[in-house]
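Engineer: Just a sequence and a predicted model for now, questions to come.
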Amino acid sequence: MANAPATGVTFTLDVEDYAVPHTEPRAPKITREIVAFLAERDVRGTFFVVGALAAEHPDLVRDIAAAGHEVGLHAYRHDPLPDVAPDAFRSDIDRGKKLLEDLTGAPVVGFRAPMFSLVEASVWATDVLAEAGFAYSSSVLPARSPLYGWPGQPRVPYRWPSGVIELPCPIATMGPIANPYLGGVYFRVLPWRAVEYGLGHAGPGEALWTYCHPYDFDPDEPFTRRPGLGLAKSRLLWLNRRGMYDRIARLLAKGAAAPLAERVPSFGSV
């Protein structure tokens, strides 16, 4: 188990394009706005970029790195790990890692699985990540989830048998309920006191980080019912986007931690 203190929160962004098919991509523009927002506050974070998006928008990746942020891989395509064959996964992360390293001129050592889909059925991926040269993953949600979760996994950083260090998604527990509270829909819709409760009850060994997406900061995107989602879930994707910048600013004012790769050495004894 880790002994590092849970001081400060690292800002992380999953750079993916969740636009409605056949519409103009919005993620590059919003991501650049987020980079500017962080620069105003002298905050550096970790941007996990989908490889296919990086191939289409190489200048965006260069701009992220030039602003001092860590660039990690968010898979080559935004497909959950249980749906990907191991050989295809190996090929894709090698391709994505090389692309990002060529664009940034820096090693890419961090990986985040789409939708936190590193679960028991896809734990084989941790061996592949080690073989590809990744030092850490932030891909496990240690609670039940409507998508992917792995209840019972540690909430503090731990090391896989392959040597890769896992930085699990921060969650808060209140009675029988355990949910993420620093990212996505949860961070946008939870009362602020719930966020403060989570921070106040974080264990001394937790690695705290946000997880956000460009669309979380995009209130001007026209509402559209998403394919495969009901009306209620589609509306959740839009709810409270207008307040996202203020919420993130309020959170980071409590203490912004370094990019995840810079924090990993403090968890090296796990």
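Structural biologist: Right, received. Where do you want to start?
Engineer: Just the helices from the protein, written as ranges.
Structural biologist: For the chain, the helices defined by DSSP state H cover 27-40, 51-56, 58-66, 86-104, 125-132, 184-189, 192-200, 231-236, 244-252, 260-263.
Engineer: Ok, which of those comes nearest Pro176?
Structural biologist: Comparing the helices of the chain by their distance to Pro176 (Cβ to Cβ), the top pick is helix 192-200, with 15.4 Å. All C-beta spots, glycine's among them, are computed from the backbone N, C-alpha and C.
Engineer: What helices and strands are in contact with the closest one?
Structural biologist: strand 171-174, helix 244-252 (3 or more Cβ pairs under 8 Å, 6 or more residues apart in numbering; DSSP states H and E).
Engineer: Mind listing what's buried along the lowest-mean-pLDDT helix or strand in the chain?
Structural biologist: Lowest by mean pLDDT, DSSP states H and E among the helices and strands of the chain is helix 231-236, with a mean of 74. Neighbour-count burial for helix 231-236 flags Leu236 (criterion: 16 or more other Cβ atoms under 10 Å).
Engineer: which residues are contacting that helix?
Structural biologist: 185, 189, 223-226 (Cβ atoms under 8 Å, 6 or more residues apart in numbering).
Engineer: what's near enough to touch Ser138?
Structural biologist: So Ser138 contacts 12, 48, 110-112, 166-169, 209, 211, 260 (Cβ under 8 Å, 6+ apart).
Engineer: gap between it and Ile165?
Structural biologist: Going from Ser138 to Ile165 by Cβ to Cβ, to the nearest Å gives 9 Å.
Engineer: quick one on the thing from earlier: which of the contacts of Ser138 lies at the shortest distance from Tyr158?
Structural biologist: Glu166 (5.5 Å).
Engineer: check contacts around that closest one.
Structural biologist: 118, 126, 136-140, 157-160.
Engineer: Quick check: of these, which lies closest to Arg250?
Structural biologist: Ser138 (22.6 Å).
Engineer: Check that closest one and give its pLDDT.
Structural biologist: pLDDT, Ser138: 98.
Engineer: So which residues lie in contact with stretch 246-266, not counting its own?
Structural biologist: The contact list for stretch 246-266 (Cβ under 8 Å, 6+ apart) reads 2, 4, 7-12, 37, 41, 43-46, 69-70, 72, 109-110, 135-136, 138, 165, 167, 182, 187-188, 192, 195, 199, 207-210, 212.
Engineer: Quick one, which of those residues are buried?
Structural biologist: Neighbour counting with 16+ other Cβ under 10 Å marks 2, 4, 9-12, 37, 43-46, 69-70, 72, 109-110, 135-136, 138, 165, 167, 182, 187-188, 195, 199, 207-210, 212 as buried within those.
Engineer: Which members of these are positioned in strands?
Structural biologist: Secondary structure assignment by DSSP state E places 12, 46, 70, 72, 110, 136, 165 of the buried ones among the contacts of stretch 246-266 in strands.
Engineer: picking that back up, of the contacts of Glu166, grab the buried ones for PyMOL.
Structural biologist: Buried residues within these, by 16+ other Cβ under 10 Å, are selected in PyMOL with:
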select buried, resi 118+126+136+137+138+139+140+157+158+159+160
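Engineer: export the contacts of Glu166 to a markdown table and tack on distance to Lys97?
Structural biologist: Formatted as a markdown table, the contacts of Glu166 follow (distance: Cβ to Cβ, whole Å):
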| residue | distance to Lys97 |
| --- | --- |
| Leu118 | 17 |
| Thr126 | 15 |
| Tyr136 | 13 |
| Ser137 | 13 |
| Ser138 | 16 |
| Ser139 | 15 |
| Val140 | 20 |
| Pro157 | 21 |
| Tyr158 | 23 |
| Arg159 | 20 |
| Trp160 | 18 |
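Engineer: Can you tell me which of the contacts of Glu166 is closest to Glu33?
Structural biologist: When the contacts of Glu166 are compared against Glu33 (criterion: Cβ to Cβ), the nearest one is Ser138, at 23.3 Å.
Engineer: Without its sequence neighbours, what residue ends up closest to Cys169?
Structural biologist: Leaving aside its sequence neighbours, Cys169 sits nearest to Leu141 (Cβ to Cβ, 6 or more residues apart in numbering; 4.6 Å).
Engineer: list the contacts for the one you found?
Structural biologist: Contacts of Leu141 by Cβ under 8 Å, 6+ apart are 116, 148-150, 168-169, 171, 180.
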